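Chemist: need a 3D model of the following:
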Amino acid sequence: MFMIMAQGSINVTIKLFAIYQEVYGITELIRQFPLETTVSEVLSLIIEEHPQLQKWQSITRFSVNYQFVEADTKLQDGDELVFIPPVSGG
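Modeler: As a prediction, this is how the structure comes out:
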């Protein structure tokens, strides 16, 4: 199966953990974004879809392809983005 991608766009897999997974009810999303989209722009979209996640925005860390990154990191086609909220437990 081949996906036809709009010119000038990228596909990103978004892995969801903890509160993000609870809110969405699934473990991952696959979304298409314009070229030059940053991690923070993706997080903003997620919060637009589920405003109850707003309180986690400033304390969420990010990983792209198993490497911690900053919010201003630009995503590439095929990247795997992970939102890592604080977790507790023992």
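Chemist: going forward, measure contacts between C-alpha atoms and count neighbours the same way
Modeler: Fine.
Chemist: what's the neighbour count on the nearest residue to residue 85 once chain neighbours are set aside?
Modeler: Using Cα to Cα, 6 or more residues apart in numbering and skipping residues adjacent in sequence, the residue nearest residue 85 is residue 60, 4.4 Å away. A count of neighbours around residue 60, defined by other Cα atoms under 10 Å, yields 14.
Chemist: residue contacts, residue 60?
Modeler: Shown in contact with residue 60 (Cα atoms under 8 Å, 6 or more residues apart in numbering): 83, 84, 85, 86.
Chemist: who's in contact with the last one?
Modeler: For residue 86, the set of contacting residues under the criterion of Cα under 8 Å, 6+ apart consists of 59, 60.
Chemist: could you do the first one as well?
Modeler: With contact taken as Cα under 8 Å, 6+ apart, residue 83 is in contact with 14, 15, 16, 17, 20, 60, 61, 62, 63.
Chemist: looking at those residues, which are in strands?
Modeler: For the contacts of residue 83, membership in strands holds for 14, 15, 61, 62, 63, with DSSP state E as the criterion.
Chemist: the residues you listed into JSON lines, with extra columns for neighbour count?
Modeler: JSON lines is the format used below for the ones in strands among the contacts of residue 83 (neighbours: other Cα atoms under 10 Å):
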{"residue": "14", "neighbour count": "19"}
{"residue": "15", "neighbour count": "19"}
{"residue": "61", "neighbour count": "16"}
{"residue": "62", "neighbour count": "20"}
{"residue": "63", "neighbour count": "19"}
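Chemist: returning to that earlier point: among the contacts of residue 60, which lie within helices?
Modeler: Residues of the contacts of residue 60 located in helices (DSSP state H): none.
Chemist: biggest separation within those residues, which pair?
Modeler: 83 and 86 (9.9 Å; Cα to Cα).
Chemist: for the residue nearest to residue 85, give me the pLDDT.
Modeler: Residue 60 carries a pLDDT score of 95 in this model.
Chemist: same check, this time on residue 7
Modeler: pLDDT, residue 7: 70.
Chemist: what count of nearby residues applies to it?
Modeler: Residue 7: 8 neighbours (other Cα under 10 Å).
Chemist: which one of the ones in strands among the contacts of residue 83 sits closest to residue 54?
Modeler: Nearest member of those to residue 54, counting by Cα to Cα, is residue 61, at 13.9 Å.
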